[in-house]
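Asks: let me see the structure of the following:
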Amino acid sequence: MSTLAVIVPAFNEASSIGGTLAALAAQSDPGFRLVVVDNASTDDTAGVVRRFAATAPFPVEIVTEPSPGAGTAADTGFRHAIAGGATMLARTDADCLPATDWIATLRSYLESGAEMVCGRSIPRRDENPSWTERVLLPGAVRLAATYGRFRRAHRTPDFRTPYVLVHGHNLAMSAWLYLSCGGTAREALEDGSEDVTLLNRARRHTDRVVRAEDMVVESSLRRLRAWGPRRTLLWHWDRRYRPSAPAEVHIR
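Replies: The predicted structure follows:
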């Protein structure tokens, strides 16, 4: 069984996850196991994955997590993969398209000694991003990450390495570090940035956290287009914007 597992949490992604699965099937390095965590979907998400699994170039498993939250679902998937023998873990999301060398790149970092690898996110090209979506918003996100690097809460003495920009849909880490640091926060999507929480937990246990600009995933613009730039940026900034109704958190 492969020692590398890719975790994809999914909630009502029947219309989108097919693209993610196709991108994973097109990897130059197919030596991994895929774990899709169905987060209590009410659509045909699991059915789409089962049909894909019949001809997939790697083993595919579907795990169910009834409690809501991408972090909760990801944690269930990570721990399932570790219990099945995985020593290296990666995560992307069900509306994202990893580059064809994504697995090969993250594997190279992990096998070279990195314990956590935080990759680069770019807009999905098939969603025809505007200049603002391609340039200005990513620039604002990087500016916010620079602020995060110097933020007092991210610079306390217990951290063993500097803060880096992290995206939950594009990260990889060793199973040892995942278990040692406590893993992903099991919380609802609107309650916190589970990727930042995971990064900060990891930074307390290792100095081998790297930012990898060559580890690329294309992410969907659907939240930005539904909420606009200001609300989207405030959402990513410690959830300073939250929709009035929890159901509105999930843009489909």
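Asks: rest of the way, CA atoms for contacts and neighbours
Replies: Noted.
Asks: burial count for D126?
Replies: 9 (other C-alpha atoms under 10 Å).
Asks: pretty sure it sits in a helix.
Replies: Yes: under DSSP: H, G, I helix; E, B strand; the rest coil, D126 falls within a helix.
Asks: tell me the contacts of it?
Replies: For D126, the contact set (C-alpha atoms under 8 Å, 6 or more residues apart in numbering) is empty.
Asks: so G18 touches V48, yeah?
Replies: Yes: look at G18 against V48 with C-alpha atoms under 8 Å: they come within range, at 7.0 Å.
Asks: direction included, what does the lengthiest strand in the chain pair against?
Replies: Ranked by residue count and defined by DSSP state E, the top strand of the chain is strand 209-219. Next to strand 209-219 in the sheet, as set by DSSP bridges, lie strand 97-98 (antiparallel), strand 116-123 (parallel).
Asks: all helices of the stretch 1-150 of the chain, in order?
Replies: 17-25, 45-53, 70-83, 102-111, 131, 137-150 (DSSP state H, counting those that start in this stretch).
Asks: how about the secondary structure of the most centrally placed residue in the chain?
Replies: Nearest to the geometric centre of the chain sits H169, at 2.1 Å (C-alpha atoms, centre = their mean). The three-state label for H169, taken from three-state DSSP, comes out as coil.
Asks: the residue nearest to T72 when sequence neighbours are not counted sits in which helix or strand?
Replies: What sits nearest to T72 in space, not counting adjacent residues and going by C-alpha to C-alpha, 6 or more residues apart in numbering, is R186, at 4.0 Å. Using DSSP states H and E, R186 sits in no helix or strand.
Asks: now the residue lying farthest from the centre of the chain: how far from R204?
Replies: No residue in the chain has its C-alpha farther from the mean C-alpha position than P157, which lies at 27.0 Å (C-alpha atoms, centre = their mean). Remark: distance between P157 and R204 (C-alpha to C-alpha, to the nearest Å) = 9 Å.
Asks: got any ranges where the stretch 51-200 of the chain has weak pLDDT?
Replies: Within the stretch 51-200 of the chain, not a single segment meets pLDDT under 70.
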